[in-house]
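K.L.:
With the input below, show me the fold.
(4 chains)
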2 protein chains.
Amino acid sequence: MNMRRTTIKDVAEAAGVGVATVSRVLSGGSASPATRERVLTVAAQLDYRPSALGRNLRQQRSGGIGLLLPDITDSFYSRLADGVLACARSAGEPVILCTTGDDPEREAEMIGALLEQGVDRVVAVPSGDGEIWAPTLRAGLTTVFAHRLSPGRDDVPAVLADDRAGVRTAVDYLTGLGHRRIAYLGGPGQGQRLAVFRGALGPLVDEELIVVARGSRDSAYAAAAGLFQHRPDVTAVLAGGNLLGEAAVLAARELDLRIPRDLSLIMFDDVPWAELCSPPLTVIAQPAQDIGYRAAELVLRGGGRRPRGVLLPTELIVRGSCAARGTSRSPR
Amino acid sequence: MNMRRTTIKDVAEAAGVGVATVSRVLSGGSASPATRERVLTVAAQLDYRPSALGRNLRQQRSGGIGLLLPDITDSFYSRLADGVLACARSAGEPVILCTTGDDPEREAEMIGALLEQGVDRVVAVPSGDGEIWAPTLRAGLTTVFAHRLSPGRDDVPAVLADDRAGVRTAVDYLTGLGHRRIAYLGGPGQGQRLAVFRGALGPLVDEELIVVARGSRDSAYAAAAGLFQHRPDVTAVLAGGNLLGEAAVLAARELDLRIPRDLSLIMFDDVPWAELCSPPLTVIAQPAQDIGYRAAELVLRGGGRRPRGVLLPTELIVRGSCAARGTSRSPR
DNA sequence: CCCGAATGTGGATACGTTTTCATGCATCTC
DNA sequence: GAGATGCATGAAAACGTATCCACATTCGGG
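P.N.:
Residues are numbered from 1 along each chain as shown, chains lettered A, B, ... in the order given. Next comes the predicted model:
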């Protein structure tokens, strides 16, 4: 009943060879064809599975890749995670998932836990600034950022959606429709995007129309509602994430703003429900899954010292949430 | 530059004690107050973090809990995962995430990978039948099922939503509205629910109106569209998951069935977009996050040999996707 | 005052693997 | 044919920890 796992030693004995030989055969080292086959058959016969524990201790690193996300509940991040999982699975590597809630402190805590586990490869959506990652990187773990980068850390490869182009496209689309008072509803860690937004809007930019929320649904709703109440003259809003978009729709409904008649809305990230929403939401699609996959690929390749990252294209998908600014609302 | 991690040995030397003592102090064993304090301060001073690798090898088990889900992209499962993560974090345990795609073969593969990693605690949404789990359980890992149980395995504790009550409530609600031709749109592993559905419907049950899809979005859409085309006389449908509900809405739109005028819809699982949908969807809410949390709790408690599981309540949330069967469509 | 018990402590061992190193054997070269 | 070169192989060490066991010290009771 209480039988021990079969170890490499058992295989060695049963095959009449040394443990070193077994290890070599299974690790792809050199061995004579005769012994190789013998070892292989014996191993299969005994149903031998090498223990990751022993191996990890020996080579001072746990296999597996750590995945650091703000919130697995967010559709964007769960799709990103799915991409990472797909790549990791094809490489036979386990994935350790941690959520940070966009809290730098918690992020640091998770990093600590990870490298206590011996994890030496991490895919992360960074929350904090570059400082937090300094000791981590010095500790020798290969890191790849996904979706956004950490300010002041350009020595870490990153896989990003082309925010610049996405924001510009969205802004151009809205201004093309005649909108002048365009708001940006942002989340944590979107400094990059904000800069592009300001740039694309040029002289039209109105700092009061730029509001950033924390990661939570409540915070997003509060930000959206506050914006709409405080500045009823906005005619269009760009939501920097699906949580923000959701909040915008809800807040607009609550205040009896009709989309798109009273308010045009573009949302970052195409989620399945964007099409089901009323009206269907015009979005800027981001290849969330690809981002995850490519990031995992990069972190698995690892050694390649090429901090140059990857930029994936975004796409404007026009549905029904934007209208030309014809029947405008009177200011105040 | 290339400095070694500080090990327990370093702490022992610096504190002038044996490694055994250090280990005991850090593991909560007995030690004199004097030495305890000395060891603790020295450890803190050296920033010593015990290596999980060494510990794991020694006690023949990796810490950490494995999480087996059909699809992390599905909002329900991502919320469930969030619950598991919350509980695991408060216990300081890492979580290894695997997705099975509802494929028993892939599930078995993942289980193999997990126990190769030395994982001995698993929270799973089982896909396959009980057979797959037999060797796993014999291998001594404590398992807790979540959301659904594996047919023929009543020796594993499970944390479930009260499907029975949920289905019954939904069916009663629909029949109360005058519906007679009620369809069930199911997914994988919902045998339990189906039985209840048949039971609750009684003599009204029509086997042709019961259709089950595989896990994917495409499959769900195909099932829904097929049902609506083949049997245009259905007046209400119960969707057994948010993917199925989404598919039902899309298929209904495609076929120009107006919800709720032509077709009433109740969806299992309350997702954020249910409220944004047009019309807002009437749902049976399941405490996905709680399910995950409780399951993790159970698997962490572990030893308690009480295969008795937990049943969490569901709730019917009435929105706008169901109507009384007044303006009925003429049969064929 | 002596002996048994209780307690604190450190040495040694084992966990399963990979990798280094030395050895033996066969083959090649001049 | 002798020395050099290559290759397959196994013994042994190392990774960092927890735990067993033996020993020392102290304390309490008779």
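K.L.:
who's in contact with whichever residue of chain A sits closest to DNA strand D?
P.N.:
Closest to DNA strand D within chain A is A:G18: 2.6 Å, counting by C-beta to the nearest atom of the strand. C-beta here means a position set from N, CA and C on the backbone, and glycine is covered the same way. Going by C-beta atoms under 8 Å, 6 or more residues apart in numbering or on different chains, A:G18 touches A:A12.
K.L.:
what do you get for A:G241?
P.N.:
Residues in contact with A:G241, defined by C-beta under 8 Å, 6+ apart, are A:74, A:76, A:186-187, A:267-269.
K.L.:
roughly how far apart are it and A:V318?
P.N.:
The spacing between A:G241 and A:V318, counted by C-beta to C-beta, to the nearest Å, is 19 Å.
K.L.:
How about A:P33?
P.N.:
As for A:P33, its distance to A:V318 is 62 Å (criterion: C-beta to C-beta).
K.L.:
which of those two has more neighbours?
P.N.:
Neighbours were counted for A:P33 and for A:V318 using other C-beta atoms under 10 Å in any protein chain shown; A:V318 has more, 11 against 7.
K.L.:
Dump the contacts of A:G241 into TSV; add neighbour count as well.
P.N.:
Formatted as TSV, those follow (neighbours: other C-beta atoms under 10 Å in any protein chain shown):
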residue	neighbour count
A:D74	25
A:F76	24
A:G186	23
A:G187	24
A:M267	30
A:F268	27
A:D269	24
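K.L.:
Lowest pLDDT pick from these?
P.N.:
Scanning those for pLDDT, the smallest score is found at A:G187, 91.
K.L.:
Ignoring the adjacent residues along the chain, who's closest to A:R217?
P.N.:
Closest residue to A:R217 apart from its sequence neighbours, by C-beta to C-beta, 6 or more residues apart in numbering or on different chains: A:L243 at 6.1 Å.
K.L.:
Surely that neighbour touches A:G186?
P.N.:
No. Contact criterion C-beta atoms under 8 Å: A:L243 and A:G186 do not qualify, at 11.0 Å.
K.L.:
give me the number of residues near A:G302?
P.N.:
Residues near A:G302, counting by other C-beta under 10 Å, number 13.
K.L.:
contacting residues around the closest residue to it other than its chain neighbours?
P.N.:
With sequence-adjacent residues excluded and distances taken as C-beta to C-beta, 6+ apart, A:G302 is closest to A:T142, at 4.7 Å. Applying C-beta under 8 Å, 6+ apart to A:T142 gives the contacts A:120-122, A:299, A:302-303.
K.L.:
one more time with 10 Å, if that's ok
P.N.:
Contacts for A:T142 (C-beta atoms under 10 Å, 6 or more residues apart in numbering or on different chains) come out as A:65, A:120-123, A:156-157, A:298-305.
K.L.:
follow-up on the earlier one: list the residues that contact both of A:L243 and A:G186?
P.N.:
By C-beta under 10 Å, 6+ apart, the residues touching both A:L243 and A:G186 are A:213, A:220.
K.L.:
quick one: the helices in the stretch 101-250 of chain A?
P.N.:
For the stretch 101-250 of chain A, the helices defined by DSSP state H, counting those that start in this stretch occupy A:104-116, A:130-138, A:163-176, A:191-201, A:217-230, A:242-254.
K.L.:
looking at those, which is buried most?
P.N.:
helix A:242-254 (a mean of 23; mean count of other C-beta atoms under 10 Å in any protein chain shown).
K.L.:
mean confidence for that one?
P.N.:
94.
K.L.:
could you give the angle of it to helix A:217-230?
P.N.:
50 degrees (axes from the mean of the first three to the mean of the last three C-alpha atoms, to 10 degrees).
K.L.:
Check which helices and strands helix A:242-254 sits against.
P.N.:
Under the contact definition 3 or more C-beta pairs under 10 Å, 6 or more residues apart in numbering or on different chains; DSSP states H and E, helix A:242-254 sits against helix A:75-90, strand A:182-186, helix A:217-230, strand A:236-239, strand A:264-268.
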